[in-house]
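K.L.:
Fold the stuff below for me.
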Amino acid sequence: MKQTIPYTFIGGRIAKTGLAVFITAFICHMLKWPAMFAVITAIVTIEPTVADSIRKAYVRFPAAAIGAGFAVLFTFIFGDSPYSYASVSLATIIACHKLKLQDGMLVATLTGVAMISTVQDHYLSSFFIRLGTTSTGIVVSTAVNLLVMPPDYSKSIMKNIQALYRRSGDILFKRGHEVFNMLESNGTARADFQSLIKDIDKTETLCHYQKSEYRFHRFSREDMREFHYEYKKLTILKQISYHIGNLVFLPPGRPDMESERKNLAASVLEDLKNRLYEPDFLITDSHYKKISEVTQWFFEQKQQNPGAGLKPRTHHHVQPETAILYEILSIHDLIEELNQIQTMEVKNRRILKTPWKQGEGE
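P.N.:
The predicted structure is shown next:
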């Protein structure tokens, strides 16, 4: 069964957006400014991380100024007419694109178009009021994102990576069952693999978000060590997914294996799946023994020369059997690396938690 990946930051963003809108509207009400433009800016300025909010704030303010300027200009020329709406939209989008202000293009266009119906004879005062309301929305939403419910994606990252390892094991075993039993692929393994890759990318995005938060909020050394450990696991998972993808997209051609060796390969794949299910990635002695047999089998395949005498561009010079063995051994090597990293992490945590006693080692 496919395991869904939770993203807990969505709830926090909704709450922070509502709070930012309320504070922004309240400030505009006290200053007797129209709140609509400030609220629009506050809504779109809440980003997944504080770093994104600050970075995009520097872009959205000048972009909003451009939109407001075009609104005043074309309203003065055409008045409140369809020509004004079209001209403001096109001119704002083109200017933001030329000035590389894409992150502020939406705010600028909405601000410019919404201003047309409110600009009357006081063009200059309308322009500065719009800049003031836009600035209010940007500052308030950025402050709320910084001070209220700081984003923490560490738990989601940990749960996601554990679920992704299990899904990769399921896909590996499913595809191996199809290959070794000479079954026609029904496309399920390929669809599951593509979904796996998308979720790996989403989890990597969460890791980038979490890394950005370290610049603005305090985290303990243990939290940072945990994050770096999980990120190492995610990096190795991406490497494992490459090898699984090679099996999923294996070119046509069925491996011609003896029954005994086919059973060995299937057994090794099942062991690999079980290792990916284990949080500690423990490797048993029986699995090492099977891997030794597969390694010997792989070297025997390499010593053969199946491509001799074949016409180029009409035959595969790497036989399916050799390709499958290579992917199996590559995945085992990565799981072995995971086990070593896990062992070192446990050892380091034990050392850090053990208090130093005076006189030890003397």
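K.L.:
Where does the record place the domain boundaries for the chain?
P.N.:
Using automatic domain parsing, the domain parsing of the chain gives 10-147, 154-306+316-353.
K.L.:
can you list contacts of stretch 228-235?
P.N.:
154, 157-158, 161, 165, 200, 203-204, 207, 338, 341, 345 (C-beta atoms under 8 Å, 6 or more residues apart in numbering). C-beta here means a position set from N, CA and C on the backbone, and glycine is covered the same way.
K.L.:
Export the domains of the chain to JSON lines and append columns for mean pLDDT.
P.N.:
Conversion of the domains of the chain to JSON lines gives the following (pLDDT from 0 to 100):
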{"stretch": "domain 10-147", "mean pLDDT": "85"}
{"stretch": "domain 154-306+316-353", "mean pLDDT": "84"}
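K.L.:
so which of those domains is the most packed in?
P.N.:
Neighbour counts (mean count of other C-beta atoms under 10 Å) averaged over each of the domains of the chain peak at domain 10-147, with a mean of 19.
K.L.:
for it, the distance to its chain's centre please.
P.N.:
Domain 10-147 sits 29 Å away from the centroid of its parent chain (C-alpha atoms, centre = their mean, to the nearest Å).
K.L.:
Going toward the C-terminus from whichever strand or helix holds R225, what's the next helix or strand?
P.N.:
Element membership of R225 [criterion: DSSP states H and E] is helix 221-248. Downstream of helix 221-248, the next assigned helix or strand under DSSP H and E is helix 259-277.
K.L.:
For G176, which non-adjacent residue is closest in space?
P.N.:
Of all residues not flanking G176 in the chain, L269 sits nearest, at 3.9 Å (C-beta to C-beta, 6 or more residues apart in numbering).
K.L.:
How about the contacts made by the one you found?
P.N.:
L269 makes contacts with 172-173, 176-177, 180, 328, as judged by C-beta under 8 Å, 6+ apart.
K.L.:
want to try CSV for those, with secondary structure as columns?
P.N.:
Shown next, in CSV, are the contacts of L269 (DSSP: H, G, I helix; E, B strand; the rest coil):
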residue, secondary structure
L172, helix
F173, helix
G176, helix
H177, helix
F180, helix
I328, helix
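K.L.:
State the pair within the residues you listed that is farthest apart.
P.N.:
Based on C-beta to C-beta, the longest span within the contacts of L269 runs between H177 and I328 and measures 13.6 Å.
K.L.:
Kindly reformat the contacts of L269 as CSV containing distance to M149.
P.N.:
Shown next, in CSV, are the contacts of L269 (distance: C-beta to C-beta, whole Å):
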residue, distance to M149
L172, 39
F173, 41
G176, 45
H177, 46
F180, 50
I328, 46
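K.L.:
any idea which of the residues you listed is closest to S286?
P.N.:
I328 (15.7 Å).
K.L.:
isn't the closest one right up against V268?
P.N.:
Yes: counting by C-beta atoms under 8 Å, I328 touches V268, with 5.9 Å between them.
K.L.:
Identify the contacts common to those two.
P.N.:
V294.
K.L.:
which other helices and strands contact the host helix or strand of T75?
P.N.:
With secondary structure defined by DSSP H and E, T75 is part of helix 50-78. Under the contact criterion of 3 or more C-beta pairs under 8 Å, 6 or more residues apart in numbering; DSSP states H and E, helix 50-78 touches helix 35-45, helix 82-98, helix 105-115, helix 123-147, helix 188-213.
K.L.:
helices or strands up against the helix or strand containing S292?
P.N.:
Per DSSP H and E: S292 is located in helix 285-303. With contacts defined as 3+ C-beta pairs under 8 Å, 6+ apart, the packing partners of helix 285-303 are helix 259-277, helix 320-353.
K.L.:
now it and helix 259-277, what's the angle there?
P.N.:
Angle, helix 285-303 to helix 259-277, by axes from the mean of the first three to the mean of the last three C-alpha atoms, to 10 degrees: 130 degrees.
K.L.:
So what touches helix 285-303?
P.N.:
Defining contact as C-beta under 8 Å, 6+ apart, one finds that helix 285-303 is touched by 261, 264-265, 267-268, 271, 275, 319, 321-322, 325-326, 328-329, 332.
K.L.:
Closest one of the residues you listed to L99?
P.N.:
Y326 (50.8 Å).
K.L.:
Show the contacting residues for the closest one.
P.N.:
Counting by C-beta under 8 Å, 6+ apart, Y326 touches F298.
K.L.:
how far away is it from V294?
P.N.:
Going from Y326 to V294 by C-beta to C-beta, to the nearest Å gives 10 Å.
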